[in-house]
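# Need coordinates for the following:
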Amino acid sequence: MNRSSNKPPASPLESPSSARTVDQDSASRMLLAIIATACFLAASVVISGFVGFGTTISFQFALGWLVFLSAVLLTWPYLSLNTRGIIALLILATLIARWSYSWLIAPPHEAMIGIIVVLLYTPILIVITILMFSAKAAVIGIFVGLLMASISFLGTGREALAPLYLNDWRIGPLILCVYALFAWLLKRWVNERYALELSAQREQQLTVESNTDQLTGLANRRACKARFQQLNAGPRKYAIIMLDIDHFKQVNDTHGHHEGDRVLRRVVNLLVGKMRPNDFIARWGGEEFLIILESISSTDAKGVSDVLCRSIQDGTANDTVPVTVSLGLALSASGRSAMDTFKSADDALYAAKNAGRNRVSLAF
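Next comes the predicted model:
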């Protein structure tokens, strides 16, 4: 049989899956879509350049862009998240270079196209880089805004841009404020999501700990009561086993509580090793354990009980402190609550102990 599925889960605080990882994956998919779109547009410009449309500088820029983006697309499946983040920064730097050319060098008719392209793509790239590098989000946004604002401020002095109404010095400060505010708000949103996730993880961890027995790692009595409520929610076929380690008080009195704890963990390991994946096992208290076998016939439930009884006796026979166990078995019935079935199993356990221990007693 496989190990029981009710083993306490790993701490969610240690889970490799987090909002940060999800954000990076989302940013990676966004970046791939941007690269594919930009690659298509660059190819269109290159094709149009071959038939005589556009300027030489646009053709050369689009050709270099096409080669770079095509190489990225071909190697994309093999790139790590960190490498993809670096590529996002490189694309952002390229956009800023195009922004510089448009404001400071390009002829008016080409300057407007370049400025519009950068204004369309840059916010998306800022989102991607902030999701990729959340710790540096504010720095990235402010730096990009400051750089673009400085370039546009210098560009407003070009008389050639006056017909395009781009000679207003207020454009630079406006760009700085908008991009800095955009990055700050996005950073706050990202941080709040991470804080909510951490709070949810801590709450989940507290719930796990409150339902877990610290010594054995099994579910505790509180978790058992919650399981009873689940069993009462609808008609189910199940069996409840109450198991008690025989003469456990003598183990503590003779060998000490440290050895008693070792015996408890040893018994738990043997029990869990015999459980099916959907079986439930919990420490009810002291040396008593509760086992719930769902979707099982009376014959199979009796067979499992016998196997558990023998496995403890045989498994600890050569240990420093060999032990045996007594088991009480009760089956669910229509109109009978899980607590009633549990009480029947508990009564059967005492019957097994009174009959000489190291045996299974079935409740009728």
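# Run through the protein and note the low-pLDDT ranges.
Residues of the chain meeting the criterion pLDDT under 70: 1-19, 54-55, 134-138, 164, 364.
# what's the longest helix in it?
Ordering each helix of the chain by length in residues (DSSP state H) puts helix 171-210 first.
# Go through that one and flag the buried ones.
When burial is assessed from 16 or more other CB atoms under 10 Å, helix 171-210 yields the following buried residues: 171-172, 175-176, 179-180, 182-183, 186-187, 190, 201, 208. Just so you know, the C-beta spots here come from the backbone N, C-alpha and C atoms, and that holds for glycine as well.
# does Leu166 sit in a helix, a strand or a coil?
Of the three states, Leu166 takes coil under DSSP: H, G, I helix; E, B strand; the rest coil.
# Verify the stated contact: it with Gly114.
No. Applying CB atoms under 8 Å as the test, Leu166 and Gly114 come out as separate, 11.4 Å apart.
# Using a markdown table, lay out the buried residues of helix 171-210 together with distance to Phe59.
Output for these, formatted as a markdown table (distance: CB to CB, whole Å):
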| residue | distance to Phe59 |
| --- | --- |
| Ile171 | 28 |
| Gly172 | 30 |
| Ile175 | 28 |
| Leu176 | 32 |
| Tyr179 | 30 |
| Ala180 | 35 |
| Phe182 | 33 |
| Ala183 | 33 |
| Leu186 | 35 |
| Lys187 | 38 |
| Val190 | 39 |
| Gln201 | 53 |
| Val208 | 62 |
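# Can you give me the neighbour number for the residue nearest to Asn211 when sequence neighbours are not counted?
Sequence neighbours aside, Ala223 is the residue nearest to Asn211 in space, at 3.9 Å (criterion: CB to CB, 6 or more residues apart in numbering). Look at Ala223: counted by other CB atoms under 10 Å, it has 22 neighbours.
# From Leu119, how far out is Ala223?
Separation of Ala223 from Leu119 (CB to CB, to the nearest Å): 57 Å.
# element containing the spatially closest residue to Leu147 that is not a sequence neighbour, please.
When the adjacent residues along the chain are set aside, Leu147 lies closest to Ile96, with 5.9 Å between them (CB to CB, 6+ apart). Take DSSP states H and E as the rule and Ile96 turns out to sit in helix 81-104.
# what's the answer for Lys274, then?
Per DSSP H and E, there is no helix or strand for Lys274.
# In contact with the residue nearest to Leu147: list those residues for me.
Listed by CB atoms under 8 Å, 6 or more residues apart in numbering, the contact partners of Ile96 are 118, 144, 147-148, 151.
# By neighbour count, which of the residues you listed wins?
Neighbour tally across the contacts of Ile96 (other CB under 10 Å): the maximum, 26 neighbours, falls on Val144.
# ok, the residue in the chain sticking out farthest from the centre to Ile57 distance?
In the chain, Glu159 marks the outermost C-alpha relative to the chain mean, sitting 55.3 Å out by CA atoms, centre = their mean. According to CB to CB, Glu159 stands 20 Å off from Ile57.
# what's the answer for Arg193, then?
Arg193 is 42 Å from Ile57, by CB to CB.
# Walk me through the domains of the chain.
Following the assignment in automatic domain parsing, the chain carries domains at 12-205, 221-362.
# first to last residue in the shortest one, what's the distance?
Okay, so that is domain 221-362. End-to-end distance for domain 221-362: 22 Å, by CA to CA, to the nearest Å.
# follow-up on the earlier one: closest to Ala33 out of the contacts of Ile96?
Nearest to Ala33 among those is Val118, at 18.1 Å by CB to CB.
# quick one: contacts for Ala149?
172-176, 179.
# which element follows the helix holding Ile96 toward the C-terminus?
Using DSSP H and E, the helix or strand that follows helix 81-104 in sequence is helix 108-132.
# Helix 81-104 and that following helix, what's the angle between them?
Angle of helix 108-132 versus helix 81-104, following axes from the mean of the first three to the mean of the last three CA atoms, to 10 degrees, is 160 degrees.
# tell me how far helix 108-132 is from the chain's mean position?
On the basis of CA atoms, centre = their mean, to the nearest Å, helix 108-132 sits 32 Å off its chain's mean C-alpha point.
# cool, and stretch 195-209?
Chain-centre distance of stretch 195-209: 12 Å, with CA atoms, centre = their mean.
# For it, C-alpha coordinates in PDB please.
Presented in PDB, the C-alpha positions along stretch 195-209 are these (Å, rounded to 0.1, in the frame of the first residue of the first chain):
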ATOM      1  CA  ALA A 195       1.700  41.200   1.000                       C
ATOM      2  CA  LEU A 196      -1.700  39.600   0.600                       C
ATOM      3  CA  GLU A 197      -0.100  36.400  -0.600                       C
ATOM      4  CA  LEU A 198       2.200  36.300   2.400                       C
ATOM      5  CA  SER A 199      -0.700  37.000   4.800                       C
ATOM      6  CA  ALA A 200      -2.700  34.100   3.200                       C
ATOM      7  CA  GLN A 201       0.300  31.800   3.400                       C
ATOM      8  CA  ARG A 202       0.700  32.600   7.100                       C
ATOM      9  CA  GLU A 203      -2.900  32.000   7.800                       C
ATOM     10  CA  GLN A 204      -2.800  28.700   5.900                       C
ATOM     11  CA  GLN A 205       0.300  27.700   7.900                       C
ATOM     12  CA  LEU A 206      -1.400  28.500  11.200                       C
ATOM     13  CA  THR A 207      -4.400  26.400  10.100                       C
ATOM     14  CA  VAL A 208      -2.100  23.500   9.200                       C
ATOM     15  CA  GLU A 209      -0.300  23.800  12.500                       C
END
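# Same list (the contacts of Ile96) but as TSV, adding distance to Ala355 and secondary structure.
Listed next are those as TSV, based on distance: CB to CB, whole Å; DSSP: H, G, I helix; E, B strand; the rest coil:
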residue	distance to Ala355	secondary structure
Val118	86	helix
Val144	80	helix
Leu147	86	helix
Met148	86	helix
Ile151	91	helix
